[in-house]
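Engineer: Prediction below, plus the sequence it came from.
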Amino acid sequence: MGILNVTPDSFSDGGRYFEAKRAIERAYQLAEEGADIIDVGGESSRPGAEAVSEEEELRRVFPVIREAAGKGGLCVSIDTVKYAVAAKAVEAGAAIVNDISGLQNESRLADLAAESGAGLILMHMRGNPRTMQSLTEYCDLAGEIRSFFERQVQEAQKAGVESGQIVLDPGIGFGKTAQQNLSILSRLERIRLTGYPLLIGVSRKSFIGITTGKETEDRLMGTIGAAVAGIMNGADIVRVHDAAAMRDAAAMADAIRRESLTNGESQ
């Protein structure tokens, strides 16, 4: 999954693709580089980021989705917590709703997925981007994330969403410390719900900077290392800024993991 932030203030690429023309060009570039899904967002979710209105968020993302998904035929996900934005995005051709609130902001997103048949990504997060980093006390981090998944999957299914439409995201960097992010990546199999793909978003995040000592723009190799570890521990989808660099590393890690699952006991 390639990240496309149509925002002026995202932590890594804020402002770079804020103009629709540049964002559309980047969508096609990400696809050429090997991204199977283009994740388009119009509201920053970095720690402390201010919310934007529905109108402004739509103004940012709608032209990009209409072109990339509607005309270009790319598989596009809309990264939003707002029903109105998601509904317009799906109407314009988005195939997946990526809800970082995991239905905590607007449960109607499940209704939208059920009615449209769109995929639905449910992410674990405490609070919101303005409060989440003050909410990092957990008694059992992996157990709490798993319990959250169980509750939110049940809520989605009550709305009519099929199991095959749902992807789960433990929310690396959302209401977690650097150490907790490392713990999640090493315990994905404990977090996983059987039958539901896991997505991880580690790209250029601060826990990589803390571990490697590198600034945001120099975290590519750290990102690849974290993503490969995630894949080997059970991640099915990785959300990254650098699709070209990640594609082969992800393919190799996935192939080794599948070989291990298929033939590991006979070697």
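Structural biologist: Done, it's in. This one's a predicted model, so the numbers in the text were calculated from it and none came from an experiment.
Engineer: now Thr216: how far from Val76?
Structural biologist: The gap separating Thr216 from Val76 is 25 Å, by C-beta to C-beta, to the nearest Å. In short, each C-beta sits where N, CA and C put it, glycine included.
Engineer: neighbour count winner among these two?
Structural biologist: Under the criterion of other C-beta atoms under 10 Å, the comparison of Thr216 against Val76 puts Val76 first, with 28 against 14.
Engineer: Go ahead and confirm that one touches Val90.
Structural biologist: No. In this structure, Val76 is not within contact of Val90 by C-beta atoms under 8 Å, at 9.8 Å.
Engineer: got a list of what Ala113 touches?
Structural biologist: Val97, Gly119, Leu120, Ala156, Ala159, Val161, Gln165 (C-beta atoms under 8 Å, 6 or more residues apart in numbering).
Engineer: Retrieve the pLDDT associated with it.
Structural biologist: Ala113 carries a pLDDT score of 98 in this model.
Engineer: gap between it and Met132?
Structural biologist: Ala113 is 24 Å from Met132, by C-beta to C-beta.
Engineer: So which residues of this protein form strands?
Structural biologist: Remark: strands assigned in the chain by DSSP state E are 2-5, 38-41, 76-79, 96-99, 119-123, 166-169, 199-200, 237-238.
Engineer: winner for burial among the ones you listed?
Structural biologist: strand 76-79 (a mean of 29; mean count of other C-beta atoms under 10 Å).
Engineer: what packs against that one?
Structural biologist: strand 38-41, helix 54-65, helix 83-92, strand 96-99 (3 or more C-beta pairs under 8 Å, 6 or more residues apart in numbering; DSSP states H and E).
Engineer: Which of those sits closest to Met221?
Structural biologist: Among the helices and strands packed on strand 76-79, strand 38-41 comes nearest to Met221, with 22.0 Å by C-beta to C-beta.
Engineer: So what are the sheet partners of that closest one and their directions?
Structural biologist: Applying DSSP bridges to the sheet, strand 38-41 is found paired with strand 2-5 (parallel), strand 76-79 (parallel).
Engineer: Could you say which one of those comes nearest to Asp242?
Structural biologist: Using C-beta to C-beta, the strands paired with strand 38-41 put strand 2-5 closest to Asp242, at 8.7 Å.
Engineer: Mean pLDDT and distance to Ala31 added to the helices and strands packed on strand 76-79, as JSON lines?
Structural biologist: Listed next are those as JSON lines, based on pLDDT from 0 to 100; distance: least, C-beta to C-beta, whole Å:
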{"stretch": "strand 38-41", "mean pLDDT": "97", "distance to Ala31": "6"}
{"stretch": "helix 54-65", "mean pLDDT": "96", "distance to Ala31": "13"}
{"stretch": "helix 83-92", "mean pLDDT": "97", "distance to Ala31": "17"}
{"stretch": "strand 96-99", "mean pLDDT": "98", "distance to Ala31": "15"}
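Engineer: Next, format those as TSV and append distance to His241.
Structural biologist: Output for these, formatted as TSV (distance: least, C-beta to C-beta, whole Å):
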stretch	distance to His241
strand 38-41	10
helix 54-65	16
helix 83-92	21
strand 96-99	15
